[in-house]
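Asks: Below is the sequence, then the predicted model.
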Amino acid sequence: MILKLFLAFYRLLWVPLLPLVLIYLWQRGRRDVDYARNIAERFGFYRQPLPQGALWFHAVSLGETRSALGLIKLALERGDKVVLTHFTPAGRRESEHHFQGEIASGQLAAVWVPFDMRWCYRRFFRACRPKIGLTLEVEIWPAMIFAAKAAGIPLYMCNAIYGTRPLARDSRGLRLRQRIIKGFSGAFVKSSMQAERFASVGLENITVTGELRFDQPVPPALTEAATRLRPAFAAGREVITIASGVEGEEQLFGEVAAKLVAQAQTTNQPAPLIVYVPRAPERFDAVADGLVQAGLTVLRRSEVLDPKLEQIAQLEGADVVVGDSLGEMFFYLALADRVIVGGGFTLSGSHNIIEPLMLMKPVLTGPHTWTIEYPFSEAEAAGVAVSLPDQAALVAALSLSSVADVEQIETFLAEHGGASVRTLAAIDQALEG
């Protein structure tokens, strides 16, 4: 009864909510025109026919899309049709870039995810008739879940994780989110711990398949560009990349960079070059301004590198290079000797450590790793990632020399790969059942 009342309220809530969502998309479209394009798709109307009987993957944005690339490629190679839904332009552009041929042939379609209203999903399901739905990471939308159930479409969480803090929060009060989670047909989860957590809230049909990000392809053009440009970029200096830094830790990272520069001046040693890559594009200007205010000499990627990463301008005297571009994270990681993964020095939690490890880079992050419990605990135990409690500990760690133990990292990666193959097998088993 509680769930039925909530779902009725949720449907009514969309009456005042929809105009606000459309205004939001219009405002975002002023900065990124793709937000405002093909709005009809968000209501379930499509200009071109969608593949029928497809595997439907919902990857809300860039990170989720990249995590599923290996799995989707395996499905396409064996002849499956695929429909990919996204909310952000970054995710959609990534799909359109990687699957140009399949889109042209009609084997794959990349479209906007419908607004979370049942009638929008009914139109979407009629348009492509997916044989199974897979939501990447943590996407729990009531209309999506129960519209799929009404249409007889099995909907599974894929690469799923239920963090410590969300689990504790959801286990209080009316436990509405957990009641909604039980509407999924099942889940393909990252670890046995995650399987236990989803089972504890009553979800059935759970399979441990591992972490898909270990199977994502590394763009060779970006790593090759980094190898070619690194000598001119660093000029013999250590490079420390701050990957996906978030707003709440910008001051901390600025102070850390300033202390490293001051230490180098005191000891008459070359200071490391900091490559600072904000997670949110709208923070590019604020990050650069904050670093200047911290007394650092700051350049931007857009100032020192051409769009194709072929030529580099003079970096002499620079303390920090701000990575003010999208889709080039593997370039920034490949430049580094060490990587600090952002988010860990805020309560919102650390972002993923897998991408730097795939490039054999030692990883540091802050104390808040609940968002990546798997595979951080395993990586820390393997000695390839470190969680630090505060700014002082980070400065101390960066003040010491460090050499990547490539063999150690390779062993860790080998032990945790293969999730795409396991997930595809689990999909087939779910369809047979």
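Replies: Perfect, I can see it now.
Asks: Kindly provide the distance from residue 342 to residue 164.
Replies: Distance from residue 342 to residue 164, counting by Cβ to Cβ, to the nearest Å: 20 Å. All C-beta spots, glycine's among them, are computed from the backbone N, C-alpha and C.
Asks: These two: which is more packed in?
Replies: residue 342 (26 against 14; other Cβ atoms under 10 Å).
Asks: wait, what's in contact with the more buried one?
Replies: 242-246, 249, 253, 279, 350-351, 365 (Cβ atoms under 8 Å, 6 or more residues apart in numbering).
Asks: and with 10 Å instead?
Replies: 242-250, 253, 276-279, 348, 350-351, 365-366 (Cβ atoms under 10 Å, 6 or more residues apart in numbering).
Asks: Show me which of those residues are buried.
Replies: Taking 16 or more other Cβ atoms under 10 Å as the criterion, what is buried in the contacts of residue 342 is 242-247, 249-250, 253, 276-278, 348, 350-351, 365-366.
Asks: Need the three-state assignment for the residue nearest the centre of the chain.
Replies: Centroid check for the chain by Cα atoms, centre = their mean gives residue 63 as the closest residue, at 2.4 Å. Here residue 63 is helix, with the state taken from DSSP: H, G, I helix; E, B strand; the rest coil.
Asks: give me phi/psi at the nearest residue to it once chain neighbours are set aside?
Replies: Distances taken as Cβ to Cβ, 6 or more residues apart in numbering place residue 352 nearest to residue 63, at 7.2 Å, with adjacent residues excluded. With angles defined as degrees, to the nearest 10, residue 352 sits at phi -70, psi 140.
Asks: Was I right to think residue 347 contacts residue 369?
Replies: No - taking contacts as Cβ atoms under 10 Å, residue 347 lies outside contact range of residue 369: 11.6 Å.
Asks: Of these two, which one has the most company?
Replies: residue 369 (22 against 11).
Asks: Name all residues that make contact with the more buried one.
Replies: 163-164, 341, 343-344, 349-350, 353, 376-377, 379-380, 385, 387.
Asks: Let's see which of the buried ones among the contacts of residue 342 end up in strands.
Replies: 242-245, 276-278, 365 (DSSP state E).
Asks: any idea how far the spatially closest residue to residue 336 that is not a sequence neighbour lies from residue 292?
Replies: Excluding the flanking residues, the one nearest residue 336 by Cβ to Cβ, 6+ apart is residue 241, at 3.7 Å. To residue 292, residue 241 is 19 Å away according to Cβ to Cβ.
Asks: the more surrounded of these two?
Replies: residue 241 (26 against 14).
Asks: does that one have beta-bridge partners, and which?
Replies: Residue 241 has the following beta-bridge partners by DSSP bridges: residue 275, residue 339.
Asks: If we go by neighbour counts, what in the longest helix along the chain is buried?
Replies: With secondary structure taken from DSSP state H, the chain has its longest helix at helix 2-31. Going by neighbour count (16+ other Cβ under 10 Å), the buried part of helix 2-31 is 3, 6-7, 10, 14, 25, 28.
Asks: Between all of those residues, which two are separated the most?
Replies: Greatest spacing in those, by Cβ to Cβ: 3 and 28 (32.0 Å).
Asks: re the thing from before, if I pick the residue nearest to the centre of the chain, what's in contact with it?
Replies: Per Cβ under 10 Å, 6+ apart, neighbours of residue 63: 88, 90-91, 94, 136-137, 213, 216, 244, 279, 329, 351-352, 355.
Asks: Can you pull the poorly scored residue ranges out of the protein?
Replies: By pLDDT under 70, the chain has no low-scoring segment.
Asks: now, which of the ones in strands among the buried ones among the contacts of residue 342 sits nearest residue 82?
Replies: residue 244 (27.3 Å).
Asks: Tell me which residues touch that closest one, please.
Replies: By Cβ under 10 Å, 6+ apart, the residues touching residue 244 are 63, 277-280, 329, 332, 339-344, 350-352, 355.
Asks: go on, residue 216?
Replies: 63, 65-71, 73, 330, 354-355, 358, 420.
Asks: I'd like the distance between it and residue 361.
Replies: Distance, residue 216 to residue 361, by Cβ to Cβ: 15 Å.
Asks: same thing with residue 228?
Replies: Counting by Cβ to Cβ, the gap from residue 228 to residue 361 is 18 Å.
Asks: hang on, the earlier thing: next one: the residue nearest to residue 336 from residue 181, what distance?
Replies: 36 Å.
Asks: hang on, the earlier thing: just checking, the residue nearest to residue 336 touches residue 362?
Replies: No - the criterion here is Cβ under 10 Å, and residue 241 misses it with residue 362 at 11.2 Å.
Asks: Which neighbours do the two have in common?
Replies: Both residue 241 and residue 362 are contacted by 336-339, 356, under the criterion Cβ under 10 Å, 6+ apart.
Asks: quick one: residue 421 and residue 71 touch, right?
Replies: Yes - counting by Cβ under 10 Å, residue 421 touches residue 71, with 8.7 Å between them.
Asks: the more surrounded of the two?
Replies: For the pair residue 421 and residue 71, the greater number of neighbours falls to residue 71 (28 against 15), based on other Cβ under 10 Å.
Asks: quick one: that one is in a helix?
Replies: Yes - under three-state DSSP, residue 71 sits within a helix.
Asks: can you pull the contacts of it?
Replies: Going by Cβ under 10 Å, 6+ apart, residue 71 touches 55, 57, 82, 134, 136, 158-159, 188, 209, 212, 215-216, 419-424, 427.
Asks: No further queries at this time; thank you.
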